[in-house]
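Trainee: Any chance you could fold what I've pasted below:
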Amino acid sequence: KFTSNLKYISVNSQTGEAIDLTTPSLEYQDINPAFSANFPNLIFFLRIKEGRVHIYYMDFLPATFSASEPVQFTNYPLDVSNMIITGNTIVFSTEMFYDCEDMTCTANKFEEIAKRGPNTYSLYTELMIRHWDTWYTEGAASHVFYQKMENDGNIPKLHGEPVDMILSQKLCSPPIEYGSEQFAISSDENLIAFSTHKKDRNLSWTTKWDILISEVSTKQLINVTSEDVGRSQNPKFSSDNSKLAYFYMKRAGLESEILRLKIYDINNKKFIPAKTVEEPLPFPQDFVWSDSTNNVFILTTIDAGHVKLYKYSHNEESAYTLD
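Mentor: You can find the predicted model right below:
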């Protein structure tokens, strides 16, 4: 048995000591903390309790005590995972059956499967059956949703219904074994980017992933990476929402292919040419935009057993520099 709870560290702390925010307990696990600028005194997180996973929130830091104890925020019929928040928009994933149009339908199907009992059987009629040691559920995949919030006297309230952005499609998002780093929300909350792969038999011998952008106001879905042949992942919007950067693999069929950086101009619907963008770095892990310039990236890499930070400006004809 183990515990998982939330802790925080004050940047002004003299000791750097981590302080418990939620109480460690064997009755639940707290994971996936997230913040919203629209609710600066709250922290949102996922709580795994009694076999279910829901979104909770509480005061951060415990000062006003209006919600000093965790408050259950969602009560979906399915478990929530991979949550991110920007403003009044929550993005999360949950497993859905393709032939279901809502969460209740999928929950009923899983209930029927559960009636078989443990250690009985699963029926497979097509590939792919599993990826390494993670088994697929035939006819279902992780789907990405968004849900709007509203502010009711500084208390968050759910607004409307959760929206499945790839409803009834044989797509998986985030791709199996990956998490919330595969989702991004623009600062104006009108664009949501996410990586996905097709859940068909070709998945058994290809590594093709795509990055889709959903425009909330029009419900339009744009495939940014249709011309890429390999994997595309880790989308991130610039702070002015004019560009989307992501990692991609140049070749198909290789899970170990080096990741490179690519930049998509959202307004002009084209890629930004830059020789240095495609210059490979040693095993890049992640990156962030510079909020002040909208063009400088800070990237983390692993090189010869060392984790290094690089910086790069796509507006300059210069190589990555070790920071």
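
Trainee: How about the contacts made by Thr301?
Mentor: For Thr301, the contacting residues are Leu281, Pro282, Phe283, Pro284, Gln285, Val307, Lys308, Leu309, Tyr310, by Cβ atoms under 8 Å, 6 or more residues apart in numbering. Where C-beta positions appear, they are placed from N, C-alpha and C, glycine not excepted.

Trainee: just the strands in the stretch 201-323 of the chain please.
Mentor: Taking DSSP state E, counting those that start in this stretch, the strands of the stretch 201-323 of the chain run over residues 210-215, 220-223, 232-237, 243-249, 259-265, 270-271, 284-289, 296-303, 306-313, 321-322.

Trainee: Can you lay out those as CSV showing distance to Lys109 and mean pLDDT?
Mentor: Formatted as CSV, the strands of the stretch 201-323 of the chain follow (distance: least, Cβ to Cβ, whole Å; pLDDT from 0 to 100):
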stretch, distance to Lys109, mean pLDDT
strand 210-215, 25, 97
strand 220-223, 25, 94
strand 232-237, 29, 96
strand 243-249, 33, 92
strand 259-265, 36, 89
strand 270-271, 41, 89
strand 284-289, 36, 88
strand 296-303, 40, 84
strand 306-313, 43, 85
strand 321-322, 52, 56
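
Trainee: Grab the nearest non-local neighbour of Leu46.
Mentor: Asn32 (4.3 Å; Cβ to Cβ, 6 or more residues apart in numbering).

Trainee: just Val229 next, same as before
Mentor: Using Cβ to Cβ, 6+ apart and skipping residues adjacent in sequence, the residue nearest Val229 is Ala252, 4.4 Å away.

Trainee: To what extent is the one you found buried, counted in neighbours?
Mentor: By the criterion of other Cβ atoms under 10 Å, Ala252 has 14 neighbours.

Trainee: For it, give its distance to Thr225.
Mentor: Here Ala252 is placed at a distance of 12 Å from Thr225 (Cβ to Cβ, to the nearest Å).

Trainee: Might you list the low-confidence residue ranges for the chain?
Mentor: Under the criterion pLDDT under 70, the flagged ranges of the chain are 62-67, 273-280, 315-323.

Trainee: where exactly do the helices run in it?
Mentor: With DSSP state H as the definition, the chain shows helices at residue ranges 103-114.

Trainee: any idea which strand is longest in it?
Mentor: In the chain, taking DSSP state E as the definition, the longest strand is strand 140-151.

Trainee: Partner strands of that strand, with direction?
Mentor: strand 89-97 (antiparallel), strand 156-164 (antiparallel) (DSSP bridges).

Trainee: Please identify which of those is closest to Val71.
Mentor: Nearest to Val71, of all these, is strand 156-164, at 9.1 Å by Cβ to Cβ.

Trainee: Now do that closest one against strand 210-215, angle only.
Mentor: For strand 156-164 against strand 210-215, the angle by axes from the mean of the first three to the mean of the last three Cα atoms, to 10 degrees is 130 degrees.
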